[in-house]
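Asks: Task: produce atomic coordinates for the following.
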Amino acid sequence: MASNPVTWFEIAVSDIERAKRFYETVFALSLTKLPTPGGDDYWTFPMSETLMGAGGALTTMEGMQPGGGGTLIYFSCEDCSVEQARVEPAGGKVLQSKMKIADYGFIAICLVTEGNRIGLHSER
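Replies: The predicted model follows:
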């Protein structure tokens with residue numbers, strides 16, 4: 001494999017405005033609307049083709065449902081306790097507070113306003 005296996009992600013949401021507010025608040029960023037052929041609401045996270053990591057979007061695409069199923073996306077953070085502290089004021093819930101994961105840094109697991117679980121990861 002020439003690169004990391006994940007190249008893009010889509011997070012299903014039922015209330016796009018609520019989801020945008022949550023992610024923009026927790027990660028202190030702005031999402032960008034991307035036009036789609038089907039006219040679905042599709043808001044991308046900031047991205048660059050020259051940086052490591054996968055780009056992705058929030059979507060209300062038909063056939064995709066939010067929920068706490070088997071997919072867990074980890075967002076990279078400088079110190080995941082910072083983003084973790086923003087989760088509950090933004091309407092989410094911290095399921096697992098920041099914890100050490102051996103030599104791989106730290107993670108926290110959160111439940112977002114749309115019912116999806118996300119992970120936060122940091123080296124410190």
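Asks: so for the lengthiest strand in the chain, what's the average pLDDT?
Replies: Among the segments of the chain that qualify as a strand by DSSP state E, the longest is strand 93-100. Per-region confidence: strand 93-100 scores 97 on mean pLDDT.
Asks: What lies in contact with it?
Replies: Applying Cβ atoms under 8 Å, 6 or more residues apart in numbering, the set of residues contacting strand 93-100 from outside is 80-81, 84, 87-88, 106-111, 117, 120. To be clear about C-beta, it is placed using only N, CA and C from the backbone, and glycine gets the same treatment.
Asks: mean confidence score for whatever helix or strand comes next after that strand?
Replies: Sequence-wise, the next helix or strand downstream of strand 93-100 (DSSP states H and E) is strand 106-111. Averaged across strand 106-111, pLDDT comes to 96.
Asks: Could I get the contacts of strand 93-100 in a markdown table, plus columns for neighbour count?
Replies: Converted to a markdown table, these look like this (neighbours: other Cβ atoms under 10 Å):
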| residue | neighbour count |
| --- | --- |
| 80 | 25 |
| 81 | 15 |
| 84 | 23 |
| 87 | 22 |
| 88 | 12 |
| 106 | 19 |
| 107 | 20 |
| 108 | 24 |
| 109 | 18 |
| 110 | 25 |
| 111 | 16 |
| 117 | 19 |
| 120 | 25 |
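Asks: of those, closest to residue 15?
Replies: residue 111 (14.9 Å; Cβ to Cβ).
Asks: Return the distance of residue 72 relative to residue 6.
Replies: Distance, residue 72 to residue 6, using Cβ to Cβ, to the nearest Å: 12 Å.
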